[in-house]
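> Need coordinates for the below:
(one chain, ligands or ions: 1)
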Amino acid sequence: MVVIKGAAGNIGGTLANILLENNQKVRAIGRSAERLKTVVDRGGEAAVGDVGDPDFLTETFKGGDGVFAMIPPVYTAPDFRGYYNEVGTHIVQAIHGSGVQHVVFLSSHGAHLPDKTGPIKGLRDVERKLDELKGVTIRILRPTFFMENLLSNVDLIKNMGIAGGGIKPDTKFAMIATQDIAQVASEYLIRRDISGKSVRELLGERDVSMNEVARIFGKKIGKPDLKYVHFSAAEEKKGLMDYGMSDDFSDQMVELNQAISDGLIAVNQERTADNTTQTTIEEFADFFAQVYRQG
Ligand SMILES: NC(=O)c1ccc[n+]([C@@H]2O[C@H](COP(=O)([O-])OP(=O)(O)OC[C@H]3O[C@@H](n4cnc5c(N)ncnc54)[C@H](OP(=O)(O)O)[C@@H]3O)[C@@H](O)[C@H]2O)c1
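The predicted structure is shown next:
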């Protein structure tokens with residue numbers, strides 16, 4: 001049985017489907033039975049509870065051969081790094097207390113750096129906590145920027161007729177579709193044939209700039225002249241806060257986008273078969289166009 005945190009989310013939901021298609025037993029964690037219904041309808045088990053409750057997490061991990069652990073992003077957290085550290089401590093306690101042997105942890109590209117990486121600093125802290133566990137196989141996945149982040153452009157295009165964000169328009173950087181991350185996680189959780197601790201970076205199919213994204217998406221949605229507008233740090237922060245994100249999280253995002261713009265992370269990384277995944281930005285654009293038309 002594989003226990004999945006964030007099973008109603010982007011990666012956890014796809015991972016649950018892949019595992020069930022491969023005849024694996026799945027226990028899906030989320031806060032709402034309704035949002036876990038698709039997994040249950042396909043034969044999975046729902047564990048409804050909050051990751052802020054360490055006892056719930058420990059009980060839910062018990063009996064698992066493997067666990068997919070991630071930290072649900074709570075964009076309203078007043079201290080985002082503190083929140084990641086708190087949930088990370090619960091994850092470590094639950095792994096220890098449940099005796100689960102195989103763990104895949106969703107971290108992020110950039111967790112190798114100590115500073116200037118915004119929300120990724122908290123994931124770096126959690127990686128270090130996991131490193132203290134003994135006798136457990138831990139695969140840390142460090143995916144780059146999710147293509148799904150680009151869906152925030154749907155509202156911008158509809159309301160203002162532009163795409164936009166805090167990353168420089170011409171900086172080519174690595175982006176990945178979350179289905180590719182779920183695919184890699186599923187391979188580890190099905191095989192469970194390796195031991196020890198390791199880190200795997202996942203950089204998507206190729207580096208792409210935001211200008212290119214606007215061109216590719218614009219063509220798909222019938223707006224070939226769609227332009228990407230580079231927001232200043234102040235404009236970006238205001239936009240995030242208007243969206244309901246906390247002051248601290250908004251600052252962290254501005255810092256992260258600056259790190260990408262400066263080429264500190266996700267830019268020009270050496271590509272190998274191990275860190276390169278399949279889904280292209282053109283394929284993701286089909287999904288973007290579908291969301292755009294439905295929105
Ligand atoms: N975005 C990026 O570019 C990027 C890049 C690298 C790494 N990451 C990391 O990836 C993770 C996000 O992955 P994702 O996009 O797959 O997540 P997601 O789609 O946001 O899914 C998270 C799921 O967790 C559940 N959840 C939220 N709060 C919960 C709580 N308190 N207790 C139990 N369940 C809860 C939610 O379902 P319910 O509401 O039904 O409970 C939600 O569907 C974050 O840790 C982020 O730092 C992100």
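> Up against the ligand, what does the stretch 51-200 of the chain have?
Residues of the stretch 51-200 of the chain lying close to the ligand (Cβ under 6 Å from any ligand atom) are 51-52, 70-73, 106, 108, 119, 123, 143, 145-146, 149, 178. From N, CA and C alone the C-beta is placed, and that goes for glycine too.
> make it 5 Å
51, 71-73, 108, 143, 145-146, 149 (Cβ under 5 Å from any ligand atom).
> from the residues you listed, which would you call buried?
Among those, those classed as buried by 16 or more other Cβ atoms under 10 Å are 51, 71-73, 108, 143, 145-146.
> Hmm, N85 and I71 touching each other?
No. The pair I71 / N85 is not scored as a contact, 9.6 Å apart, by Cβ atoms under 8 Å.
> between the two, what contacts are shared?
Common contact partners of I71 and N85 (Cβ atoms under 8 Å, 6 or more residues apart in numbering): 122, 126.
> Give me the average confidence score over the biggest helix by length in the chain.
For the chain, the longest helix by residue count, based on DSSP state H, is helix 80-98. The average of the pLDDT scores along helix 80-98 is 98.
> What are the buried residues along that helix?
In helix 80-98, counting by 16+ other Cβ under 10 Å, buried: 80-81, 83-88, 90-96, 98.
> and K197, how many residues sit next to it?
Per other Cβ atoms under 10 Å, the neighbour tally for K197 reads 15.
> do the same with I162
Neighbour tally, I162, other Cβ under 10 Å: 14.
> Over to H102?
By other Cβ under 10 Å, the residues close to H102 number 21.
> and the nearest residue in space to D170 that is not next to it in sequence, how many neighbours?
Closest residue in space to D170, ignoring its immediate chain neighbours: S209 at 5.2 Å, by Cβ to Cβ, 6 or more residues apart in numbering. Counted with other Cβ under 10 Å, residues neighbouring S209 total 16.
> Which per-residue confidence value corresponds to the closest residue to the ligand within the stretch 1-150 of the chain?
Nearest to the ligand, among the residues of the stretch 1-150 of the chain, is G9, at 2.0 Å (Cβ to the nearest ligand atom). G9 carries a pLDDT value of 95.
> on that earlier part again, point out the other helices and strands that the longest helix of the chain packs with.
helix 54-61, strand 66-69, helix 120-131, helix 247-261 (3 or more Cβ pairs under 8 Å, 6 or more residues apart in numbering; DSSP states H and E).
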